[in-house]
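Enquirer: Coordinates only, no sequence provided:
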Ligand SMILES: [Fe+2]
C-alpha cells in the first residue's frame, strides 16, 4: 500500500491498494456476483480467506488501523470503472470486507446511492443524500444510538461544478470550544435525535452531541436540522442556552481553520471514523436534468454527481 501521511492534519491521507491486493479484491467481487444474482447487489457480504488473500487481508487491517488509531480519515484511490453495475459491486465487495455493513433506510438497503433526485429539500423532510444542497455540517451516525465505525463515500461521478467535501476533525472543534466552557457543558448533555428515514415508525432517542472515547478522544453526534426536528416532535423546545450552544458550535464549524476541503474524483473512496469527523459538502450543479432512478446499465461518465455511501461497524 502506497501512502503519504506526512500532512494528514491539513490534508486527508491518500492511499491506494497495491496491485496484488486489488486483484484479490476483484476475485472476491466475482465470487459475490456469482452467488447473489437474484438479489439486490448489497444483500450478500463478501468474504475472504486470509490464507488465500493475504495481501488484501493485511491492507484492510492497515486501513482499519489508520481509521481507528491514526488519521481517522483517508482517501482510497483506484476504484475508477466504466459501468455503474461494476462500480456498485466493487464498492459493496470492498466495504463488506472492511466492516459489517449497516442498514441505512427503512427498506433494509446497505448501500445508499447519493445523488440529487430533483425532489424535496432537507427542510421539507428529504434525506440529505437525495438533494444537491450543501451547508449543513454533520456526521451520519445521528439516526441510530450506536455510532458508525467506518463511513464510506465512494465517488462514481463528480458534479459539473461544486460538490466539494468538507471534513472537520471533532478534536479541532473541541479545541476551539475550550474557551467556551458553558457551551461544552451544554453539548455534553442529552439532546433529542430522530431516526429519520430509518424505519416506518418514527422513534426519538436522547444522546449528547459531544462525548469522549475511553482514551479521551472527542466524539461527535451532530446534524442540527434533525435535532431541531426531533425536539419539535418530542414537544420539548430547545432552551435558550442549548440554542446558543448550537449557534457557537455552528460558528466554529464555519471557520476555515477547522475545515479541510477536498473534491473527490471518480474512483476515489473517502473513509472516515464517522464519530470523530464531521463532514458536509458544498452545493453543486449537475450536467443533466435530475432523475429519481438510475439504471444499472448506465455508464458512470454519463451520470450526474453520483456517490455510494456505506455505514460499517468493525468486523
Ligand atoms: Fe453525510
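Expert: Received it, and whenever you're ready, just let me know what you need. Bear in mind the structure is a predicted one, so any value in this text is a computation, not a measurement.
Enquirer: Give me the pLDDT for residue 16.
Expert: For residue 16, the pLDDT comes out at 96.
Enquirer: ok, it to residue 215 distance?
Expert: Residue 16 sits 29 Å away from residue 215, going by Cβ to Cβ, to the nearest Å. Placement of C-beta: from N, CA and C, glycine included.
Enquirer: Between the two, which has more neighbouring residues?
Expert: For residue 16 and residue 215, the more surrounded residue by other Cβ atoms under 10 Å is residue 16, and the numbers stand at 17 against 6.
Enquirer: List the beta-bridge partners for the more buried one.
Expert: Note on residue 16: beta-bridge partners by DSSP bridges are residue 2, residue 77.
Enquirer: can you check residue 73 too?
Expert: Applying DSSP bridges to residue 73 gives these bridge partners: residue 272.
Enquirer: separation between it and residue 62?
Expert: Counting by Cβ to Cβ, the separation of residue 73 from residue 62 is 15 Å.
Enquirer: Among these two, which residue is more densely surrounded?
Expert: residue 73 (23 against 16).
Enquirer: residues in contact with the more buried one?
Expert: Contacts were defined as Cβ atoms under 8 Å, 6 or more residues apart in numbering; by that measure residue 73 touches 8, 12-13, 67, 167, 169, 270-273, 277.
Enquirer: got it, and residue 211?
Expert: Residues in contact with residue 211 (Cβ under 8 Å, 6+ apart) are 188, 218-219, 221.
Enquirer: Excluding chain neighbours, what is closest to the residue positioned nearest the centre of the chain?
Expert: When Cα atoms, centre = their mean is applied to the chain, the residue found nearest the centroid is residue 151 (3.9 Å). Using Cβ to Cβ, 6 or more residues apart in numbering and skipping residues adjacent in sequence, the residue nearest residue 151 is residue 274, 4.1 Å away.
Enquirer: Please tell me how far residue 19 sits from residue 94.
Expert: To residue 94, residue 19 is 15 Å away according to Cβ to Cβ.
Enquirer: Between these two, tell me which one has more neighbours.
Expert: Per other Cβ under 10 Å, whichever of residue 19 and residue 94 has more neighbours is residue 94, with 25 against 10.
Enquirer: sec struct for that one, please.
Expert: What DSSP: H, G, I helix; E, B strand; the rest coil gives for residue 94 is helix.
Enquirer: Pretty sure it sits against residue 25.
Expert: Yes: applying Cβ atoms under 8 Å, one finds residue 94 in contact with residue 25, separated by 6.1 Å.
Enquirer: Residue 272 is in contact with residue 147, isn't it?
Expert: No: Residue 272 lies out of contact with residue 147 (Cβ under 8 Å); the separation is 11.8 Å.
Enquirer: Same drill for these two, tell me which one is more crowded.
Expert: Legend: neighbour count by other Cβ under 10 Å for residue 272 and residue 147, higher for residue 272 (27 against 22).
Enquirer: Show the contacting residues for the more buried one.
Expert: 67, 72-74, 150-151, 167, 279 are the contacts of residue 272 under Cβ under 8 Å, 6+ apart.
Enquirer: In TSV: those residues, plus pLDDT and distance to residue 177.
Expert: Output for the contacts of residue 272, formatted as TSV (pLDDT from 0 to 100; distance: Cβ to Cβ, whole Å):
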residue	pLDDT	distance to residue 177
67	96	24
72	94	18
73	95	20
74	96	25
150	98	26
151	97	23
167	95	18
279	95	18
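Enquirer: Among those residues, find me the one that's closest to residue 232.
Expert: residue 279 (24.8 Å; Cβ to Cβ).
Enquirer: Need the contact partners of the host helix or strand of the closest one.
Expert: Assigned by DSSP states H and E, residue 279 falls within strand 277-281. Strand 277-281 is contacted by residues 72-73, 134-139, 151, 163-170, 173, 220, 222, 253, 272 when judged by Cβ under 8 Å, 6+ apart.
Enquirer: among the residues you listed, which are in strands?
Expert: Mapping the contacts of strand 277-281 onto strands (DSSP state E) picks out 73, 151, 165-169, 220, 272.
Enquirer: Closest to residue 237 out of the contacts of residue 272?
Expert: Nearest to residue 237 among these, with distances taken as Cβ to Cβ, is residue 279, at 28.0 Å.
Enquirer: Tell me, how many residues neighbour that closest one?
Expert: When neighbours are counted by other Cβ under 10 Å, residue 279 registers 20.
Enquirer: how close does it get to residue 52?
Expert: The gap separating residue 279 from residue 52 is 36 Å, by Cβ to Cβ.
Enquirer: Right, I'll call it a day here.
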